[in-house]
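1. compute the structure for the input listed below.
(one chain, ligands or ions: 1)
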Amino acid sequence: MKRRIGILTSGGDCPGLNAAIRGVAKAAYELFDAEIIGIRNGYGGLIAGECQEMSKKQFSGILTLGGTILGTSRQPFRTIQVIDETGVDKVAAMKKTYHDLKLDCLITLGGNGTHKTANLLSQEGLNVIGLPKTIDNDLSGTDFTFGFHTAVEIGTEVIDRIHTTATSHGRCMVIEIMGNKVGWLTLYAGVAGGADVILLPEIPYDIKRVAETVETRAKSKKAFSIIAVAEGAMSKEEAKMKKKEREAYRASLPYDCISKRIAAQLQELVGVESRSVVPGHIQRGGSPCAYDRVLATLFGVHAAELIRDEVYGVTVALSGNNITHNKLSDIAGMPKPVPKDNTMVLTARNIGITFGD
Ligand code: F6P
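-> Got it, this is the predicted structure:
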């Protein structure tokens with residue numbers, strides 16, 4: 001049985017992409033007569049026809065490698081069906097590349113936006129299989145995405161290192177963790193790093209409540225405080241605003257990120273010396289942790305099994321201890337915010353962590 005497989009990585013990168021690519025390829029070569037075509041820079045490469053036939057040895061030695069050997073780009077879903085100024089019909093161009101390459105299927109590794117486009121291409125008649133990656137862990141249908149646990153490790157190490165200097169100086173340290181729309185990463189890294197306050201986009205905060213926690217600690221034997229804030233966290237007032245109004249309000253403030261703003265507010269309200277730290281893309285860089293190497297391999301191998309069984313229009317998922325798959329149409333466009341009654345949220349509350357609500 002021969003299969004020609006196109007593979008691409010799309011959206012923000014994360015550790016584990018190469019491990020997943022390797023998993024798909026190694027299992028495909030084992031399970032059937034596979035030909036693999038690497039598509040450069042995500043859907044951009046599929047649109048432009050930037051592809052290359054890969055050899056078996058190109059999938060060797062990449063298990064621990066960060067980033068993606070295929071390159072990636074962001075192609076926002078809202079623009080994918082829009083004919084751009086150069087007159088390119090992106091959907092038609094992607095279908096043409098797929099057919100010109102005589103592909104039997106297309107494997108797309110990505111997050112929410114990637115899955116929406118994967119679903120669209122599937123509805124357009126292409127054989128598509130998705131693999132869920134992102135440090136944000138915000139894809140529905142899977143317990144975890146690969147990349148998430150590595151980012152949790154990195155976020156936790158940042159908090160650990162900040163903890164010691166915060167203690168020495170008796171300062172309030174505000175650490176901004178990635179996650180614009182969802183707070184899974186901040187929640188896990190915050191709990192793992194022993195944060196005193198965790199602020200998430202899903203739980204709007206009152207800065208006075210945060211200040212109370214910092215003040216109580218400042219007056220106690222523990223003069224320092226650790227605040228883990230998601231980049232997309234918002235105050236209760238901001239939560240009432242429409243998105244555009246909120247953006248305009250933020251642009252009017254003298255801070256370019258939420259952690260600087262919170263540090264300044266706490267210094268003013270409590271009088272405790274405060275600093276902000278933004279690890280940023282460090283959270284997406286470097287080698288995947290062991291968990292992500294394993295998860296990415298499990299996902300990749302399952303994708304190859306699905307190709308063998310000609311099961312398309314699906315995305316691979318982790319459900320409990322099982323590797324399974326969901327229909328793309330069931331999960332595409334369905335983000336996974338942190339529920340307010342999530343076990344981790346309740347656990348954090350039960351050990352005295354405040355969410356500022
Ligand atoms: O989706 C992953 C993510 O790292 C988010 O947490 C973050 O908001 C965003 O990507 C940053 O995107 P970019 O790499 O385009 O700056």
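
2. does residue 72 belong to a helix, a strand or coil?
-> Reducing the assignment at residue 72 to three states with DSSP: H, G, I helix; E, B strand; the rest coil gives coil.

3. state the distance from it to residue 234.
-> According to C-beta to C-beta, to the nearest Å, residue 72 stands 28 Å off from residue 234. C-beta: built from backbone N, CA, C; applies to glycine.

4. who has more neighbours, the two?
-> Using other C-beta atoms under 10 Å as the criterion, residue 72 and residue 234 rank with residue 72 on top: 25 against 20.

5. what does this protein have sitting close to the ligand?
-> Within the chain, the positions adjacent to the ligand are 12, 111, 134-136, 178-180, 231, 284 by C-beta under 6 Å from any ligand atom.

6. hmm, 5 Å instead?
-> 12, 136, 178-180 (C-beta under 5 Å from any ligand atom).

7. list buried residues within the residues you listed.
-> Neighbour counting with 16 or more other C-beta atoms under 10 Å marks 12, 136, 178-179 as buried within the residues of the chain next to the ligand.

8. grab the nearest non-local neighbour of the closest residue to the ligand within the stretch 1-150 of the chain.
-> Of all residues in the stretch 1-150 of the chain, the one sitting closest to the ligand is residue 12 (3.8 Å; C-beta to the nearest ligand atom). Distances taken as C-beta to C-beta, 6 or more residues apart in numbering place residue 284 nearest to residue 12, at 6.5 Å, with adjacent residues excluded.

9. ok, the one you found - how many residues close by?
-> Neighbours of residue 284 (other C-beta under 10 Å): 20.

10. flag the shaky bits of the stretch 51-200 of the chain, pLDDT-wise.
-> The stretch 51-200 of the chain contains no residues with pLDDT under 70.

11. ranges for the strands of it?
-> Here the stretch 51-200 of the chain has its strands, by DSSP state E, counting those that start in this stretch, at 51-53, 105-110, 128-132, 172-177, 197-199.

12. minimum distance to residue 317: which of those strands has it?
-> Shortest separation from residue 317 across the strands of the stretch 51-200 of the chain is recorded for strand 128-132, at 6.6 Å, computed as C-beta to C-beta.

13. return the distance of the closest one from the chain's centre.
-> The gap between where strand 128-132 is centred and where its chain is centred comes out at 15 Å by C-alpha atoms, centre = their mean, to the nearest Å.

14. and what of stretch 37-46?
-> 20 Å.

15. equivalent analysis for stretch 197-209, please.
-> 21 Å.

16. may I have it as CSV, with CA atoms only?
-> The C-alpha trace of stretch 197-209 is given here as CSV (Å, rounded to 0.1, in the frame of the first residue of the first chain):
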residue,chain,number,x,y,z
VAL,A,197,-1.7,35.0,43.3
ILE,A,198,-2.7,33.6,39.9
LEU,A,199,-4.5,35.9,37.4
LEU,A,200,-6.2,34.3,34.4
PRO,A,201,-8.2,35.7,31.5
GLU,A,202,-11.1,33.5,32.6
ILE,A,203,-11.3,34.9,36.1
PRO,A,204,-11.3,38.8,36.0
TYR,A,205,-9.5,40.3,38.9
ASP,A,206,-10.0,43.2,41.3
ILE,A,207,-6.6,44.8,41.9
LYS,A,208,-7.7,45.7,45.4
ARG,A,209,-8.2,42.0,46.2
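
17. I'm done for today, thanks for sticking with me.
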